[in-house]
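Q: got a predicted model here, sequence first, then my questions.
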Amino acid sequence: AVEPASLLARLMPTRELRERVEIGAELLAKAQTMRITSPHGTDVTYRLGVYPTLSEYGYTDQPGRWDHWPAAFVFTGGADDGVDGRIVLAPGDVLLPFNTYVQAPVELTIEQGFIRDIRGGLDADLLSSYIRSFDDPRGYGMSHVGWGLDERAHWHGLTQFGGGMGMELRSFYGNVMFSIGPNNELGGPNDTACHFDIPMRGNSLYLDDELIVDAGELTVPEMKPVEKR
């Protein structure tokens with residue numbers, strides 16, 4: 001719990017939020033594939049089933065389980081050689097730990113679990129330069145992936161308090177977040193120090209061809225807050 005006090009108060013964990021996150025985690029844990037698409041050109045597929053599914057909902061009552069307040073998202077990892085396709089970052093997507101919003105499209109080409117090409121303008125240059133600075137090819141690996149569920153979290157959160165550690169941005173409702181770099185948190189072999197979390201707006205996410213997030217809106221009623229059902 002390291003975010004500003006006013007943010008902690010606004011995003012106080014609730015049992016209802018926990019239940020919705022756990023429903024998402026159950027769905028994700030059963031899936032063998034995840035596909036993410038967007039109007040901007042994203043079309044990437046993750047082969048799942050190798051790594052566990054984890055959830056964060058802001059508190060814990062289970063010995064040995066870690067969480068972070070605030071938080072409301074679920075995630076897993078693709079197979080080490082099982083992520084292929086293209087991700088196009090769009091204006092308004094979030095680069096953490098830069099704590100900045102993407103200003104112009106960035107195109108990532110991904111083959112067998114690693115980023116092979118990064119194209120675009122200044123944001124692409126910054127992303128590439130940061131990864132290169134670690135002098136570690138594992139920094140181009142694809143890490144965890146999932147979606148956010150907290151309707152109280154603000155996408156514009158970086159404009160307040162400098163974004164803190166970015167937990168509000170990781171949690172905002174309907175974001176699809178993918179990560180670059182280490183997967184050792186999930187039990188994988190990649191422990192590179194180079195890491196990005198990138199929450200994206202307006203994307204669609206499929207589990208085994210079932211639409212779960214539709215252009216930033218959750219489709220499963222049990223994952224939606226009561227007012228959205």
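A: Received the coordinates, thanks. Numbers count the residues shown, from 1 in each chain.
Q: and the helix ranked longest in the chain, how far from the chain's centre?
A: With DSSP state H setting the assignment, residue counts place helix 15-30 as the longest helix in the chain. Remark: helix 15-30 is offset 15 Å from the chain centroid, using Cα atoms, centre = their mean, to the nearest Å.
Q: got it, and stretch 33-53?
A: For stretch 33-53, the distance to the chain centre is 11 Å (Cα atoms, centre = their mean).
Q: state the mean pLDDT of it.
A: Across stretch 33-53, pLDDT averages out at 98.
Q: equivalent analysis for stretch 113-128, please.
A: Average pLDDT, stretch 113-128: 98.
Q: list of residues touching it?
A: The contact list for stretch 113-128, computed with Cβ atoms under 8 Å, 6 or more residues apart in numbering, reads 78-83, 89, 95, 98, 102-110, 137, 140-142, 180, 196. (C-beta placed from N, C-alpha, C; glycine too.)
Q: go again with 6 Å.
A: With contact meaning Cβ atoms under 6 Å, 6 or more residues apart in numbering, stretch 113-128 is reached by 80-81, 83, 102-109, 140-142.
Q: my read: Leu169 touches Gly157, true?
A: Yes: contact status for Leu169 versus Gly157: in contact at 5.5 Å, counting by Cβ atoms under 6 Å.
Q: and these two? Which one has more around it.
A: Using other Cβ atoms under 10 Å, the more surrounded residue of Leu169 and Gly157 is Leu169, with 27 against 23.
Q: neighbouring strands - and their directions - for the helix or strand harbouring Met142?
A: Using DSSP states H and E, the element containing Met142 is strand 142-148. When pairing is defined by DSSP bridges, strand 142-148 lines up against strand 73-77 (antiparallel), strand 176-180 (antiparallel).
Q: dump the contacts of stretch 113-128 to CSV, plus distance to Thr60 and secondary structure.
A: Below are these laid out as CSV (distance: Cβ to Cβ, whole Å; DSSP: H, G, I helix; E, B strand; the rest coil):
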residue, distance to Thr60, secondary structure
Asp80, 28, coil
Asp81, 33, coil
Val83, 29, strand
Val102, 32, coil
Gln103, 37, coil
Ala104, 40, coil
Pro105, 38, coil
Val106, 35, strand
Glu107, 38, strand
Leu108, 33, strand
Thr109, 38, strand
Tyr140, 33, helix
Gly141, 28, strand
Met142, 27, strand
